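1. Structure for this input, please:
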Amino acid sequence: MSSRRKFSDRMLSLGLARVSEAAALASAHFVGRGDEHAADQAAVDAMRRQLDLLDIRGVVVIGEGERDQAPMLFIGEKVGTGYGPEVDIALDPLEGTALAARDMPNALTIIAMGPRGTILHAPDVYMDKLAIGPGYPKGLITLDMDPDERIRVLARAKGCSPGDLTICVLDRSRHQDLIAAIRHTGAAIRLITDGDVAGVMHCTAPERTGIDAYMGIGGAPEGVLAAAALTCMGGQMQGKLIFRDNAERQRAKRAGITEFDRIYSRQDMVRADVILAATGVTDGSILRGIRRGSGYLETDTVLLRSRTGSQRRVVYRQRVRPT
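-> Numbers count the residues shown, from 1 in each chain. Reported below is the predicted structural model:
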């Protein structure tokens, strides 16, 4: 029996939610305290401990970095009990470490799982990304289009004017020309300082988040995680790896990338059904942040299954001892 046929997403989904919750709870103490590294390390350690309780033979394909950069949850690390299905793991123990350290919106923990060999092993380089939500014709807008053309086409498909659209973009100096081009069309821009996985996820519910599309360059690993989220929530995405030097091309070769100019679709990045769990650390448009009550901490998690298109919200309350 193949590992893909053994992959029981329904049975594993609740365990994945526990992994995400544990990472969020571990980082809770560091929210607003200005220490990005401590917040991230706490989340990494907790996520690793919970993963090792799952009956899987897991390999981290999107993680904290390569072995020499990350002591735990590095790309290629094996996780789980060593029993059960072979699976790929894509994760970010704390997406938006700076957001958590400053108690700013949309910090979250996120982890996705699919059958072994089905999630793109993206190197730790940049990726040019373009994403929209569900309900549009396939291939409506592409990375080959100029930003103004994308917006005109998207507005026409939505039945509105470009001025009614809002585009999410990372607030980086490299995006000056992109921002100018978008604003020239009359569309609005939601600038975010960090957390572009959440930025892409926002495209799936524009009526709630106010975001119609995501454009711009961010981390390639985050791009694959975002593609996993869209696989479950619906929507379209394209990504193209950006290499700044030969060392980054060599890194891509080690990851098995041979076509440096390839434009990846969402389906290229995630080639089978996946499950995904994300837990809010700070308040955001999709998830509530961690709540502190009298003697407890409470988390808000969304649990997604692409096979069924289901979205389950899980509120978990953990007792804490008084300090």
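2. Go ahead and list the helix or strand containing residue 215.
-> strand 213-219 (DSSP states H and E).
3. er, residue 150 actually
-> Residue 150 belongs to helix 147-158 when assigned by DSSP H and E.
4. now residue 143
-> If you go by DSSP H and E, residue 143 is not part of any helix or strand.
5. okay, it: pLDDT?
-> Looking at residue 143, its pLDDT is 98.
6. Touching, it and residue 240? I think so.
-> Yes. Taking Cβ atoms under 8 Å as the definition, residue 143 is a contact partner of residue 240 at 5.7 Å. No exception for glycine: its C-beta is placed from N, CA and C like everyone else's.
7. picking that back up, run through the neighbouring helices and strands of the helix holding residue 150.
-> helix 176-184, strand 213-219 (3 or more Cβ pairs under 8 Å, 6 or more residues apart in numbering; DSSP states H and E).
8. looking at these, which is buried most?
-> Greatest average neighbour count among the helices and strands packed on helix 147-158 goes to strand 213-219 (a mean of 24), per mean count of other Cβ atoms under 10 Å.
9. can you count the residues close to residue 271?
-> Residue 271 has 15 neighbouring residues, counting by other Cβ atoms under 10 Å.
10. nope, residue 51 is what I was after
-> Using other Cβ under 10 Å, residue 51 has 27 neighbouring residues.
11. okay, how far is it across stretch 49-56, tip to tip?
-> Using Cα to Cα, to the nearest Å, the end-to-end distance of stretch 49-56 comes to 13 Å.
12. Okay, buried residues for it please.
-> Neighbour counts over stretch 49-56 (16 or more other Cβ atoms under 10 Å) mark 50, 51, 54, 56 as buried.
13. how about the residues you listed in TSV, adding pLDDT, secondary structure and distance to residue 312?
-> Below are these laid out as TSV (pLDDT from 0 to 100; DSSP: H, G, I helix; E, B strand; the rest coil; distance: Cβ to Cβ, whole Å):
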residue	pLDDT	secondary structure	distance to residue 312
50	97	helix	18
51	97	helix	20
54	96	coil	18
56	95	coil	20
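14. who touches the closest residue to residue 285 other than its chain neighbours in this structure?
-> Spatial nearest neighbour of residue 285, chain neighbours left out: residue 209 (4.2 Å); criterion: Cβ to Cβ, 6 or more residues apart in numbering. By Cβ atoms under 8 Å, 6 or more residues apart in numbering, residue 209 lies in contact with 202, 203, 285, 286.
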